[in-house]
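*Asks:* quick one, what's the 3D model for this:
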Amino acid sequence: MRDMRQVGTPAEIRAVEMPQPIEAEVICHGERAHARRVAPAIPRGYITSREVQADRALWWGGADPAAHGGSIPATIAALSPDPGTLWAPGFRSLTAAQLAEAHALGLRVMPWTVNDPEDMARVIAMGAREMCTDYPDRLQAVLAAQLPG
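*Replies:* Numbers count the residues shown, from 1 in each chain. Okay, the predicted model is just below:
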């Protein structure tokens, strides 16, 4: 994975061989800001975890969930005016209420990294429409088992 700050212009970003469409799921606020400057058309996402929340200055440019009623989804929505912004929370800390709030705010939510079939089923039952996994075959089996008939 390349550091977005190593790619300086939209032409350089387009020159990097990546499947289309691409999305910048950068963690560091500085990289996200750089990506917005040099390639504003590329959607960006926010990856969160307990560590990210603890070091808000680095990851979110200092944005504080306390300013948004303690809500991480509301903080992410405030950080990015882009419709369909991706929020990628660690799945173990994601609640059904957070997921519903994020969807109501227009965020896409992709919990990461969900590898156990029971966890996959639980995250789907909460309302997740996307998920990051190292085992797409397991996810496919979970989804197939949920199909009627």
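
*Asks:* how close does the closest residue to residue 45 other than its chain neighbours sit to residue 79?
*Replies:* Counting by Cβ to Cβ, 6 or more residues apart in numbering, the nearest residue to residue 45 once its immediate chain neighbours are dropped is residue 86, at 3.1 Å. Where C-beta positions appear, they are placed from N, C-alpha and C, glycine not excepted. Residue 86 sits 12 Å away from residue 79, taking Cβ to Cβ, to the nearest Å as the criterion.

*Asks:* now residue 117
*Replies:* 33 Å.

*Asks:* quick one on the thing from earlier: overlap in contacts, residue 86 and residue 79.
*Replies:* Residues touching both residue 86 and residue 79 comprise residue 46, with contact defined as Cβ atoms under 8 Å, 6 or more residues apart in numbering.

*Asks:* let me see the ranges of the strands in this structure.
*Replies:* Chain-ordered strands for the chain, with DSSP state E as the definition, fall at 45-48, 86-89, 108-109.

*Asks:* partner strands of the first one and their direction?
*Replies:* Same thing as strand 45-48. strand 86-89 (parallel) (DSSP bridges).

*Asks:* tally of neighbours for residue 99?
*Replies:* Here the neighbour count serves as a burial measure; for residue 99 (other Cβ atoms under 10 Å) it reads 21.

*Asks:* who's in contact with it?
*Replies:* Contact criterion Cβ under 8 Å, 6+ apart gives 109, 126, 127, 128 as the residues in contact with residue 99.

*Asks:* dump the residue contacts of the second one.
*Replies:* Going back to what we said before, that points to residue 126. 94, 95, 96, 99 are the contacts of residue 126 under Cβ under 8 Å, 6+ apart.

*Asks:* switch to 6 Å and redo it
*Replies:* When the contact criterion is Cβ atoms under 6 Å, 6 or more residues apart in numbering, the partners of residue 126 are 96, 99.

*Asks:* next one: it from residue 38, what distance?
*Replies:* Spatial separation of residue 126 from residue 38 under the definition Cβ to Cβ is 36 Å.
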